[in-house]
Structure formats: C-alpha cells, structure tokens
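[1] generate a structure from the sequence data that follows.
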Amino acid sequence: MDGAPQVHWSENGEPRTARWQSERGAAPPANIIATDDRMTADEAYGLACQGVGLLWRGDYQNARQMLTAMSHRVDRASLKGPKSRPKAKPALPPAQAFNLERQARAQRARTLGMLLIPLEADYTIPLRRAPDLRLACTEAYGPPRGASLVALRELLGVVGAHEWRRNGVELPGVGFRVHPHYGVFAPIRSEYVELVAKAPLPTSVKSSSVAFDVGTGTGVLAAVLARRGLERVIATDIDARALECARENIERLGLQKRVQVVEADLFPEGHASLVVCNPPWVPARPSSPLEHGIYDPGSRMLKGFLAGLASHLAPGGEGWLLLSDLAEHLGLRSREELLAWIQEAGLRVADRVDARPKHPRAMDESDPLHRARKAEVTSLWRLAAA
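    Numbers count the residues shown, from 1 in each chain. Now for the predicted structure:
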C-alpha cells in the first residue's frame, strides 16, 4: 500500500474497502452509504451536513446536477443564517472577517465534499455517462494505485486543472501562454507578471547577466526574465509538482538553454545581479496542501527571502519582491513590519512600482472581503544592499 487512508463501508450486505483519494488533505467520511438518482437534493444535503459520505452509483451527469443543487442549498443556508441575526450589523474587523470567511468556505467544502465518486484501479469511472478522465487523474494523482473514492467536487477541480494544463493561461502583457499543472499556483492575476516584464533592469545586469527566480512555480517569471535578455536564469522551488511544471513550460517556450530549474529551498548557490521572488501574499496557515501558493504561514518564505537576499546579490544587484498589500488591508501584516524586516536584512528600498488588480473579485461588492480587495495594490519592491 502507498500509505493513503482506507475507507470502509457496507453495500448490498457486503463489506467494501477502497483508497481515499484527496490531494486537498480532506479527511475521509467516517460513515458512507451508497446512493443513486432516486435520492432527492434535500435528502443528500441533510446527510452531507451530518458528515455522511454519499457514494454515487447512479448516472454521472446526474451526480453533477446533484452537486449543483447541494451547492445552492449550502449558499441559501449561509445567506439565511440564524433567525436572530439583525438585518443590519456592524462591520467586523478585517482580520475577523477574513477568518470567518475562511471558516465558512471550509465548512462549505466539507459539506459538498460528501458527494463521492468511485474510481476503478485505472481511474475509470464505473457510472453511466461518465467521461474518460484517466489522463486528468494521472496528471493530478500520478500512476493508478488501486480502486479509490474521490469527492466529486475535487474531481471537477482535477478536470479544470487538466484543461488549464492543456490550453494554457494567456498572459497578454508578456506575449505567451503558461501551462499550470494541478496543485501549482497559476498566474491568473497577471499584474505581477507584467510588472516584472516592464520594470527597468538593474545596470549590473550588463556585467553579470545572471538572475534567480526564487519559488518559481510555473516558471513564468523565469521565462519573462529570459525573454528580456538575461543570459542565465536559475529557477528554484521545493515542490515536485512545481519543478515538473516549470521545466515543461521552459521547454515549451524553447528557453531551456537559458533557464535552469533546480530544487532548492529559496536560494540556489552563488550570486546574481537580479533575484526575483513572488511569495504567497497572505500570512496564514494553508488548510490544504494545495493552498501553499496562496498562504505563507508566519510569513516564512517572505522573511526567508529578505533575510538571505543581500548575501546572494552581485555588486550593484537588485532583489525584486512581488507582493500584494492585501494582508495589510486584512490586518494580518502591517507596512511597518514589512519595512522593518527589509531594514533588519541589511536592505534598502531603491524604488517601488505599483499596479492595481484587474481580477473580477476586486469589483465584486458581494464578496465579504470586498473593501480590502478594492483597496489592494500589487507592488514590485526594488531592493538593494544597504
């Protein structure tokens, strides 16, 4: 066995066992019952709220409709709330609103994650009108390792990731597509990529045309630097998915002679005239392994980058820190803290270039965090040795 959790249930009077498949780290349901198209959405929603896993044995497309119906019920229950809730309530402090929003999203995910789909040993779905998702599952989960159960909600995420990987994400400001892999942070917010594409290069690049891309992810920033003329770019990451994804993107763009992708926790060995880093922007604990590209617990990566930057800069070199101030608007980190970390690391701010976000959530007034998202600014901090 590969160490994956096992789930047990009874079906037609016989005991059953299968692997529990969850790249999001969700715990398997303690109680599982088999069901099909005869179950109503109200019944499914009620059982899911109790933590009962619903193993679907009916039509696959009907399972998708069931998930949509359950989702509507979750959202209605969230909007309705307790009967005692006043019509007008004072605004919560930003950090409290952020934590409550994360809790609500986690509860929503747990409830909807109770609708389960069986996967056979080769990732075939043994249901009527089920699509062939063997390639998508192999990309996300690796080679098949036996029959398993997976939440339909996660399976649909696997399908979406497969489409992104196949079609790529267009980056209009830089003129190429990047193809994210499942579990690797995708550059759908392109403003930080465009900042790297347009910011003036440090003069030291003329004498030492070497750059580091720390925490490369898809490899997008390394590719931008190489296309800007940097002769040698070393892109680092510690995540196996990210390393594979970055190498594939670099090869797809024909930049493998200029970009080297290496496994490293933050910095590679040596010095560079330009060191770029786009750490996760929010200092909070990830609730699943797939959230490490969004949340940086204790600002570990941000602090580590700042602390080690000066010792990896070539004379006259710069570090480019790509960072949103969303955490500041949420009350999770102050500007004073950030500036103090920069100073303590023996660095100075040579310049800062700002960009406003263009993503739809910044304009969505129904978002509980709308005020913070509307005020958000993404910055390229040009840092040099003090």
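[2] so which elements touch the longest helix seen in the chain?
    Criterion DSSP state H: the longest helix present in the chain is helix 60-80. Applying 3 or more Cβ pairs under 8 Å, 6 or more residues apart in numbering; DSSP states H and E, one finds that helix 60-80 contacts helix 41-49, helix 94-112, strand 115-119, helix 152-167. In short, each C-beta sits where N, CA and C put it, glycine included.
[3] dump those to JSON lines, plus mean neighbour count and distance to Lys358.
    Output for those, formatted as JSON lines (neighbours: other Cβ atoms under 10 Å; distance: least, Cβ to Cβ, whole Å):
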{"stretch": "helix 41-49", "mean neighbour count": "17", "distance to Lys358": "36"}
{"stretch": "helix 94-112", "mean neighbour count": "15", "distance to Lys358": "22"}
{"stretch": "strand 115-119", "mean neighbour count": "25", "distance to Lys358": "34"}
{"stretch": "helix 152-167", "mean neighbour count": "17", "distance to Lys358": "19"}
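[4] picking up where we left off before, just the CA atoms of the longest helix of the chain, as PDB, please.
    Output in PDB follows, covering the C-alpha atoms of helix 60-80 (Å, rounded to 0.1, in the frame of the first residue of the first chain):
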ATOM      1  CA  TYR A  60     -22.600  10.600 -13.600                       C
ATOM      2  CA  GLN A  61     -24.200  13.700 -15.100                       C
ATOM      3  CA  ASN A  62     -27.000  13.400 -12.500                       C
ATOM      4  CA  ALA A  63     -24.300  13.500  -9.900                       C
ATOM      5  CA  ARG A  64     -23.100  16.800 -11.200                       C
ATOM      6  CA  GLN A  65     -26.600  18.100 -11.100                       C
ATOM      7  CA  MET A  66     -26.900  16.900  -7.500                       C
ATOM      8  CA  LEU A  67     -23.700  18.700  -6.500                       C
ATOM      9  CA  THR A  68     -25.100  21.900  -8.000                       C
ATOM     10  CA  ALA A  69     -28.400  21.500  -6.100                       C
ATOM     11  CA  MET A  70     -26.500  20.900  -2.900                       C
ATOM     12  CA  SER A  71     -24.300  23.900  -3.500                       C
ATOM     13  CA  HIS A  72     -27.400  26.100  -3.900                       C
ATOM     14  CA  ARG A  73     -28.700  24.800  -0.500                       C
ATOM     15  CA  VAL A  74     -25.400  25.500   1.200                       C
ATOM     16  CA  ASP A  75     -25.400  29.000  -0.200                       C
ATOM     17  CA  ARG A  76     -29.000  29.700   0.800                       C
ATOM     18  CA  ALA A  77     -28.300  28.400   4.300                       C
ATOM     19  CA  SER A  78     -25.300  30.700   4.600                       C
ATOM     20  CA  LEU A  79     -27.300  33.800   3.400                       C
ATOM     21  CA  LYS A  80     -30.300  32.900   5.700                       C
END
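[5] list the buried residues of that helix.
    Under the neighbour-count criterion of 16 or more other Cβ atoms under 10 Å, helix 60-80 has 60, 62-64, 66-67, 70-71, 73-74 buried.
[6] among the helices and strands packed on helix 60-80, which gets the worst mean confidence?
    Among those, helix 94-112 carries the lowest mean pLDDT, at a mean of 91.
[7] strands of the stretch 151-300 of the chain, start to end?
    Counting by DSSP state E, counting those that start in this stretch, the stretch 151-300 of the chain has strands at residues 169-171, 176-178, 210-214, 232-237, 259-263, 272-277.
[8] neighbouring strands - and their directions - for the fourth one?
    Meaning strand 232-237. As defined by DSSP bridges, the strand partners of strand 232-237 come to strand 210-214 (parallel), strand 259-263 (parallel).
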